[in-house]
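Enquirer: Structure for this input, please:
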Amino acid sequence: QLQLVESGGGLVQPGGSLRLSCAGSGISLDDYAIHWFRQAPGKEREGVSCISGSNVNPYYVDSVKGRFIISRDNAKNTAYLQMNSLKPDDTAVYYCAAAPRGCFRAYRYWGQGTQVTVSS
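Expert: As a prediction, the model looks like this:
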């Protein structure tokens, strides 16, 4: 079965850190851009960060610049989102998506989502 599997979400205090993982199952992610999205209750889905297959010029939405770092390990067929200095506004379900033609192109695969809650 071809799918993306996210993990690493949880409850963290403001200022804390989490690392999300997006693993390919039945899919080689080498040639895919991986985009992290998030959706908070009552809000539209938001693109957070994207990394191309060539690891060049990752994208970050302004609200996470300087706090989040996207990376990938093709040997492990996994992409990561390191989230530091977390704020309550970062609370959302986080999804990863894979696009064969690059960031901001059509996404072929989506993960099931992982909940991130930032609260004291």
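Enquirer: Now that Y94 has come up, it's in contact with V116, right?
Expert: Yes. Checked against Cβ atoms under 8 Å, the pair Y94 and V116 is within contact range at 5.5 Å. Bear in mind the C-beta positions are built from the backbone N, C-alpha and C, glycine included.
Enquirer: residues shared between the contacts of the two?
Expert: 9, 20, 38 (Cβ atoms under 8 Å, 6 or more residues apart in numbering).
Enquirer: Just among these, which is most surrounded?
Expert: Comparing these by number of neighbours (other Cβ atoms under 10 Å), L20 comes first, having 25 neighbours.
Enquirer: List the residues that contact that one.
Expert: Shown in contact with L20 (Cβ under 8 Å, 6+ apart): 6-9, 36, 80-81, 83, 94, 96, 114, 116.
Enquirer: now, among the shared contacts of Y94 and V116, which is nearest to V61?
Expert: R38 (9.3 Å; Cβ to Cβ).
Enquirer: and that closest one, what does it touch?
Expert: Contacts of R38 by Cβ under 8 Å, 6+ apart are 45-46, 48, 90, 92-95, 116.
Enquirer: buried subset of those residues?
Expert: 48, 90, 92-95, 116 (16 or more other Cβ atoms under 10 Å).
Enquirer: Out of those residues, list just those in strands.
Expert: Mapping the buried ones among the contacts of R38 onto strands (DSSP state E) picks out 48, 92-95, 116.
Enquirer: For beta bridges, what are the partners of the residue nearest to the spatial centre of the chain?
Expert: Computing the C-alpha centroid of the chain and ranking residues by Cα atoms, centre = their mean puts W36 first, at 3.0 Å. W36 has these beta-bridge partners by DSSP bridges: S49, C96.
Enquirer: if I look at it, how far off is N57?
Expert: Distance of W36 to N57, given as Cβ to Cβ, to the nearest Å: 16 Å.
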